[in-house]
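[1] Task: produce atomic coordinates for the following.
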Amino acid sequence: MKHLRTVDDVMTHAVVSVGPGAPVHDVVSTMQRWGFGSLPVVSAGGRLIGVVSEADLLAMAAGTDESHHATAEQLMTAPPVTVPVGTTIAGAARLMAKGPFKRLPVVDDEDRLVGVVSRGDLLKIYLRPDADVAEELRELLTARLVPAGSALLHIHVDHGVVRLEGEVPDPALTDVLVHIARAVPGVVDVTARLHARVPA
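    Sure thing, here's the model as predicted:
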């Protein structure tokens, strides 16, 4: 089962990039070949130093006649907007929603480029099979949160809508279980019909 929680789980690892000395012709042709609106600019050591976008190229086109001699390093936006490895999917989505970003580079602690996450990647959480969501919920709610043998919890998932039914040792636990279930990637809504278990 794949738990989709961070950008590491959904990002593209094989990244198309250009070096700082790449001429504008190579930048444009690479964009067109792969259908990307932006490209990471990576140093010889693998560090991300900038991003060159279609907007950067348009600004160049409106410049001098010498602009066709420009390199990626001269055209790029720096420092680039990035997300570190381990960033939650929700955190990356919030950052992407704040700006005109369709793709964000993912970097490690030394600013080395390790992947790229796109809007489509972040939306993968809504395409998770119900069985995967249910299995993660059972592991999270039953195995980790509810003491063994203290609850009789049934978990049903239908198109991302979760229904929790059964008995729990403490009625106050219901709100906790619902809150945690809502945070599981792929969950659209949660309803609960839980009641306190009567001691034997």
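
[2] Below-threshold pLDDT in the chain: ranges please.
    The chain contains residues with pLDDT under 70 at 1-4, 63-67, 144-151, 197-200.

[3] Show me how the record splits it into domains.
    7-125, 128-196 (automatic domain parsing).

[4] Columns mean neighbour count on top of the ones you listed, output as TSV?
    To be clear about C-beta, it is placed using only N, CA and C from the backbone, and glycine gets the same treatment. Formatted as TSV, the domains of the chain follow (neighbours: other Cβ atoms under 10 Å):
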stretch	mean neighbour count
domain 7-125	16
domain 128-196	16
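
[5] residues touching Pro100, list them.
    Residues near Pro100 by Cβ atoms under 8 Å, 6 or more residues apart in numbering: none.

[6] same question, His159
    130, 188.

[7] Number the residues from 52 up from this point.
    Got it, first residue is 52 now, which makes that one His210.

[8] Now do it against Val184, distance only.
    Per Cβ to Cβ, to the nearest Å, His210 is found 10 Å from Val184.

[9] Could you check how far the helix or strand hosting Met111 is from the centre of its chain?
    In this structure, Met111 is located in helix 105-112 according to DSSP states H and E. Computed by Cα atoms, centre = their mean, to the nearest Å, the chain-centroid distance of helix 105-112 equals 28 Å.

[10] Can you give the contact residues for it?
    Outside helix 105-112, the residues that reach it (Cβ under 8 Å, 6+ apart) are 75, 78-79, 82, 88-89, 118, 121, 126-128.

[11] Please render the residues you listed as a markdown table that adds distance to Gly217 to the earlier fields.
    Formatted as a markdown table, the contacts of helix 105-112 follow (distance: Cβ to Cβ, whole Å):
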| residue | distance to Gly217 |
| --- | --- |
| Val75 | 63 |
| Val78 | 58 |
| Val79 | 60 |
| Met82 | 54 |
| Gly88 | 49 |
| Ser89 | 49 |
| Ser118 | 67 |
| Ala121 | 65 |
| Leu126 | 60 |
| Met127 | 56 |
| Thr128 | 53 |
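
[12] taking those one by one, which sit in helices?
    Among the contacts of helix 105-112, DSSP state H puts 75, 78-79, 82, 126 in helices.

[13] Which two among those residues are spaced furthest apart?
    Met82 and Leu126 (11.6 Å; Cβ to Cβ).

[14] Could you pull out the helices in this structure for me?
    Ranges of helices in the chain, per DSSP H, are 58-61, 75-85, 105-112, 123-126, 140-149, 170-173, 181-188, 224-233.

[15] CSV please, covering the ones you listed and showing distance to Ser94.
    CSV is the format used below for the helices of the chain (distance: least, Cβ to Cβ, whole Å):
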stretch, distance to Ser94
helix 58-61, 22
helix 75-85, 16
helix 105-112, 18
helix 123-126, 9
helix 140-149, 24
helix 170-173, 25
helix 181-188, 39
helix 224-233, 42
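
[16] What residues does His139 make contact with?
    His isn't right for residue 139; it's Thr. Here Thr139 is in contact with 56-58 (criterion: Cβ under 8 Å, 6+ apart).

[17] can we see that at 7 Å?
    Going by Cβ atoms under 7 Å, 6 or more residues apart in numbering, Thr139 touches 56-57.

[18] Alright, calling it a day.
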